[in-house]
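Trainee: What follows is a predicted protein model with its sequence.
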Amino acid sequence: MLAGDSGVVELDPSSPYAIYDLNSDGRFTAIDTLQVINAVAAGDSIATSPWADLNHDDVIDDSDSQLVMDALSEYYASYLPSFTPSFASSPSDSVPSLYVSISDATLNIGDSVSLSGSFGHSDSSEYVTVSIDWGDSSETTSGFPSGYLSSNHSYSSPGTYSVSVVATDDDGDSVSQNMTIVVTQNSSEASDSAPTLSASLNNSTINVGDTVSLGGSFGHVESSETVTVSIDWGDSSETTSGFPSGYLSSSHSYSSAGTYSVSVVATDDDGDSVSENMTIVVTQNSTEVSDSAPTLSASLSNSTINRGKGVRPNTVRHATRSEAVLTLKLG
């Protein structure tokens, strides 16, 4: 099982890797590797550090360091396949020692990457400081007690980031390791970054003066986002309020016949938006036109005339001029 967030697991005593638990803490970690590396760097002998002669050739040298580093890589691959060990070159007496691994070389925006390992120095009197440059203008420089290296980080933008870990001693001597992390946009989050919107009209054709209703819904996959809605009715009028709890409901009437483009736009706090467009045809009510009665105002030019003289009407009007007809019956 994972022990905290340090990227190590409890060591099975029956495991072939149990021989590498050099500090007897029940785990095989970079700290054990570091002990061998430091013993080699210090020029220890079989007499002083027999435990460091891992290949049993009676000499403590770089072959022992390489053996324990290879073993740790195999151990991580077997028990922590998501961790990729990466070793700095074996240190000399003058520089710190450093071992670093990252939990994942590729992750999505918002996901956390773990960096773990160890650092130290062959000279126990030297104080070693560590800094992690995450490649996105952020840095971690503290929280690494007792030679253990453990830190987490997440990225807010996609891209390829160069991560640099530097261990520096009191004399200014340093050793570093560089890794690359690729951060990608989560495909589901990318498609969900804009609000959601569904809108429809109850009629696509109405008469002048009649009311058309627009209904639907809106929202956002991110509950913290506030979504505002505006309806452009296409006749220089707009509705921007009155849509509580994600429900979309509004009505409108037109005073003139014509074809109108109705646009509904939903916008979130980040300025991301989605829209729907509809067309409505407004016509003149034919019934009202055909049913209109004529208007009439008529008078005779003379009330008394001689036989054979003519008489004419003065005025006749109709709501539709083309239908103006006057029938005059003289008795």
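Mentor: Perfect, I can see it now.
Trainee: quick one: the helices in the stretch 51-200 of the chain?
Mentor: 62-79, 187-191 (DSSP state H, counting those that start in this stretch).
Trainee: Confidence-wise, which of the ones you listed is weakest overall?
Mentor: Note on the helices of the stretch 51-200 of the chain: helix 187-191 shows the lowest mean pLDDT, a mean of 52.
Trainee: hey, where'd the strands end up in the stretch 201-331 of the chain?
Mentor: For the stretch 201-331 of the chain, the strands defined by DSSP state E, counting those that start in this stretch cover 205-207, 211-219, 228-232, 238-239, 247-253, 258-267, 273-283.
Trainee: Just tell me which of these ends up closest to residue 176.
Mentor: Distance to residue 176, taken as C-beta to C-beta, is lowest for strand 273-283 among the strands of the stretch 201-331 of the chain, at 45.5 Å. In short, each C-beta sits where N, CA and C put it, glycine included.
Trainee: Going by contacts, tell me the helices and strands next to the closest one.
Mentor: Under the contact criterion of 3 or more C-beta pairs under 8 Å, 6 or more residues apart in numbering; DSSP states H and E, strand 273-283 touches strand 196-201, strand 205-207, strand 258-267.
Trainee: Run through who's touching that strand.
Mentor: 194-201, 203-208, 212, 216, 234, 254, 256-267 (C-beta atoms under 8 Å, 6 or more residues apart in numbering).
Trainee: Could you give me the buried positions within stretch 264-279?
Mentor: By 16 or more other C-beta atoms under 10 Å, the buried positions in stretch 264-279 come out as 264, 265, 266, 267, 268, 274, 276, 278.
Trainee: is it true that the fourth one touches residue 225?
Mentor: It stands for residue 267. No. Counting by C-beta atoms under 8 Å, residue 225 is not a contact partner of residue 267; they are 10.0 Å apart.
Trainee: Quick check: neighbours shared by these two?
Mentor: residue 195.
Trainee: circling back to that earlier point, can you put the strands of the stretch 201-331 of the chain in a markdown table and add distance to residue 66 and mean pLDDT?
Mentor: Formatted as a markdown table, these follow (distance: least, C-beta to C-beta, whole Å; pLDDT from 0 to 100):
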| stretch | distance to residue 66 | mean pLDDT |
| --- | --- | --- |
| strand 205-207 | 83 | 92 |
| strand 211-219 | 59 | 87 |
| strand 228-232 | 63 | 92 |
| strand 238-239 | 74 | 90 |
| strand 247-253 | 68 | 88 |
| strand 258-267 | 60 | 92 |
| strand 273-283 | 58 | 90 |
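Trainee: Any chance of a markdown table for those strands, columns distance to residue 35?
Mentor: Shown next, in a markdown table, are these (distance: least, C-beta to C-beta, whole Å):
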| stretch | distance to residue 35 |
| --- | --- |
| strand 205-207 | 85 |
| strand 211-219 | 58 |
| strand 228-232 | 62 |
| strand 238-239 | 74 |
| strand 247-253 | 67 |
| strand 258-267 | 60 |
| strand 273-283 | 60 |
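Trainee: for the ones you listed, which one sits closest to residue 116?
Mentor: Nearest to residue 116, of all the strands of the stretch 201-331 of the chain, is strand 211-219, at 40.4 Å by C-beta to C-beta.
Trainee: Note down every partner strand of that closest one and its orientation.
Mentor: Here strand 211-219 has these sheet partners by DSSP bridges: strand 196-201 (antiparallel), strand 247-253 (antiparallel).
Trainee: winner for burial among the ones you listed?
Mentor: Stretch with highest mean neighbour count among those: strand 196-201 (a mean of 17; mean count of other C-beta atoms under 10 Å).
Trainee: now the angle between strand 228-232 and that one, please.
Mentor: Relative orientation of strand 196-201 versus strand 228-232 (axes from the mean of the first three to the mean of the last three C-alpha atoms, to 10 degrees): 30 degrees.
Trainee: And strand 196-201, how far out from the chain middle?
Mentor: 24 Å (C-alpha atoms, centre = their mean, to the nearest Å).
Trainee: Just the residues contacting it, thanks.
Mentor: 212-221, 229, 248, 262, 264, 266, 274-276, 278, 280.
Trainee: swap in stretch 222-230?
Mentor: Here stretch 222-230 makes contact (C-beta under 8 Å, 6+ apart) with 192, 195, 197, 218-220, 238-240, 243, 246, 248, 264-270.
Trainee: That's all I had, so thanks and see you.
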